[in-house]
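> have a look at this prediction, sequence included:
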Amino acid sequence: MVSVLCYGALLYYFFVQTRAFAFTEGEKQIKNVLLTHKAIHSFVEKVQKPEIYRLKQEGHLYSDYFSPKLLSRTYIARGIEEYFSQEREKVGLPPLYFKLAAENPRNEVNAADALERDLLRRMRSGALTKYSELVKIDGHYSLYYAIPVDKMVSSCLQCHGDPQMAPRELLEQYGETRGFHEAEGDIRALISIRLPLDDQIKAAYQIFIRLSIGTGLMLLLLFGVVSLSVIQLKRHQRIIMNQNEKLNQLATVDMLTGIYNRQGFVTIMEQELAFGNRHNLSLSLIMMDLDFFKKINDKYGHGVGDMVLTAIGKLLNEVRRASDIVSRWGGEEFVIACPHTELDGAVKLAEKIQSHLAEQSFPLGIQMTASFGVAQYHPQNTLDQFVDRADMALYRSKENGRNQICRASQDD
């Protein structure tokens, strides 16, 4: 009887632990998604919006200009998560359910359901900071996770406050009734995610079954059974860790060119800046923008444009030094970080890239040039400020007639 009770206790313990393991791994994946989402929100709020407003103020864009593709954090985040799910499916992983749920949505696709409305009210009252549970829908297990988005700030009110203050183009797209009359400090929406856990649950059940049979057959050899259990758990943990590594690569590598994307570059640069500041090391940055790239897409189509971008990524990888970090910053814009390099050294690298571009043969005999902005890191700079200084130098290159290399001054 004692042996049966001990065996039953072991079975229960194994069942609880394997289920908890699947749940914990799911939470890790969701936290990675949320960190990426927060980074996207921060970039839109701190970089993209100010840049659009600057362009408006300087007359490069008309005052009523509005595009959700550039100014709506919700639109951008939802679009990126859709692409993220597509990339998951390409590697055999199920898609994620991702939603920015609001009670007063501008787009009905973001309308909160009954559970989300209840969670929103509790989050606004301060009674809840996050919510998670294991759910079963149509026979499939998922980890449901919800957290509030950041509180409304003053810059949000231009599009979510008084409709009379909103850009004309926004009103033409969405009307005057939805998504307005919010206040600074409000929690407007929550992030609602369902991560499919069937694979993790299946792996957990497989472990449980194997442990149960092994324990029943080898009760007298308890040490051997426990050792086998540990081996099996580690093996499945490695499988899931490999899956997480693949997901992390999808999140940090540009799928077209094979070099880092912006998120991957930002992550590495934050480490480089911290290391450089500790050890007082030089660091320079090259911003590169292909000249008149839009004409290629317009004349030959985006397929040829993609071939050109792929060739550019390959060229940059061949020209760069081993320590340099190459990234596609967005569209036809690239960035190269040069650790342990002062401004003159980075300019020489830019000149080398410029020379190789002139000699490069692209599809259909296309010839390409590029404009460059080069900056050296100042210890007081944030990463955004560092990038902005290089971007300002790039802007001067374009103003000077393109196919130029401009340095950021020490006063920038």
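Now that the structure is in, tell me what you want to look at. Residues are numbered from 1 along each chain as shown.
> can you report how many residues lie near the nearest residue to residue 385 once chain neighbours are set aside?
Excluding its sequence neighbours, the residue lying closest to residue 385 (CB to CB, 6 or more residues apart in numbering) is residue 378, at 8.0 Å. Bear in mind the C-beta positions are built from the backbone N, C-alpha and C, glycine included. Number of residues near residue 378 (other CB atoms under 10 Å) recorded here: 13.
> residue 119 too?
Quick note: residue 119 (other CB under 10 Å) scores 21 neighbours.
> just to revisit the earlier point, could I get the pLDDT score of the residue nearest to residue 385?
pLDDT, residue 378: 91.
> what does the one 4 residues further on give?
We have a pLDDT of 92 for residue 382.
> same question for residue 253.
Value listed for residue 253 in the pLDDT field: 92.
> for it, which residues are in contact?
259-261, 264 (CB atoms under 8 Å, 6 or more residues apart in numbering).
> can you give me the strands in the stretch 151-300 of the chain?
189-196, 283-290 (DSSP state E, counting those that start in this stretch).
> shaky segments in this protein?
The model of the chain has pLDDT under 70 over residues 222-227, 229-230, 233, 236-237, 239-250, 411-412.
> the biggest helix by length in it packs against which elements?
Counting by DSSP state H, the longest helix found in the chain is helix 2-43. Packing contacts for helix 2-43, counted by 3 or more CB pairs under 8 Å, 6 or more residues apart in numbering; DSSP states H and E, involve helix 73-90, strand 140-148, strand 189-196, helix 198-217, helix 222-252, helix 262-279.
> show me what counts as buried in the first one.
So that's helix 73-90. Burial within helix 73-90, assessed by neighbour count using 16 or more other CB atoms under 10 Å, is assigned to 73-78, 80-81, 84-85, 87-88.
> ok, these vs residue 151, which is closest?
Using CB to CB, residue 73 comes nearest to residue 151 of those, at 13.0 Å.
> buried deepest among the strands of the stretch 151-300 of the chain, which one?
Among those, strand 283-290 has the highest mean neighbour count (mean count of other CB atoms under 10 Å), at a mean of 25.
> how big is the angle separating that one from helix 262-279?
160 degrees (axes from the mean of the first three to the mean of the last three CA atoms, to 10 degrees).
> I'd like the next helix or strand past the longest helix of the chain.
Counting by DSSP states H and E, the next helix or strand C-terminal to helix 2-43 is helix 49-57.
> surely residue 98 forms part of a strand?
Yes - under DSSP: H, G, I helix; E, B strand; the rest coil, residue 98 falls within a strand.
> if you skip the residues just before and after it, what's nearest to it?
Using CB to CB, 6+ apart, the nearest residue to residue 98 is residue 81, at 4.0 Å.
> go on, residue 111?
The nearest residue in space to residue 111 (CB to CB, 6+ apart) is residue 105, at 5.1 Å.
> got a list of what that neighbour touches?
111-112, 178-179, 189.
> which of those residues has the most neighbours?
In the contacts of residue 105, the most neighbours by other CB under 10 Å go to residue 189, 25 neighbours.
> so who does that residue touch?
Here residue 189 is in contact with 74, 100-102, 105, 110, 112, 120, 148-149 (CB under 8 Å, 6+ apart).
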